[in-house]
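K.L.:
Need a 3D model of the following:
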Amino acid sequence: MPNSRKPKRWVANVKTTSTRPPEDLFTKSASTIARTLASRKVSPKGVVSGLRMLTFFINRGGKGLGPDRRAELEKAKTMLSNRARREKEQQEHKSS
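P.N.:
Numbers count the residues shown, from 1 in each chain. The predicted model follows:
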């Protein structure tokens, strides 16, 4: 007898209480998304935290994201990862 239950979708139950990105942020331009997620107000632990939020949103959107929206989000992701790399290099340079 085949298992007719759907697999559990754990991501549907994930909620964040520590920080909340502004409403409709992920519908804006890549530069606005990157700038907002890099701010200490939204990502108090730094740019990498904002990058994780964006990656989570992209993964959660899955097939529901259109190609144009996904491309814009991936562009924001690249911008954030470049910023995180620059900040890391600056910290390493200061500590040397």
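K.L.:
any idea how far residue 66 is from the nearest residue to residue 29 once chain neighbours are set aside?
P.N.:
Spatially, and ignoring its direct neighbours in sequence, residue 29 is nearest to residue 72 (6.9 Å; Cβ to Cβ, 6 or more residues apart in numbering). (C-beta placed from N, C-alpha, C; glycine too.) Distance from residue 72 to residue 66, counting by Cβ to Cβ, to the nearest Å: 10 Å.
K.L.:
More neighbours: which of these two?
P.N.:
residue 72 (19 against 10; other Cβ atoms under 10 Å).
K.L.:
quick one, phi psi at the residue nearest to residue 29?
P.N.:
Taking degrees, to the nearest 10, you get phi -70, psi -40 for the backbone angles of residue 72.
K.L.:
Residue 76: how many residues sit nearby?
P.N.:
The burial count assigned to residue 76 is 27, neighbours taken as other Cβ under 10 Å.
K.L.:
What residues sit buried inside the one helix or strand it maps to?
P.N.:
Under the criterion of DSSP states H and E, residue 76 resides in helix 67-95. Neighbour counts over helix 67-95 (16 or more other Cβ atoms under 10 Å) mark 72, 73, 76, 77, 79, 80, 81, 83, 84 as buried.
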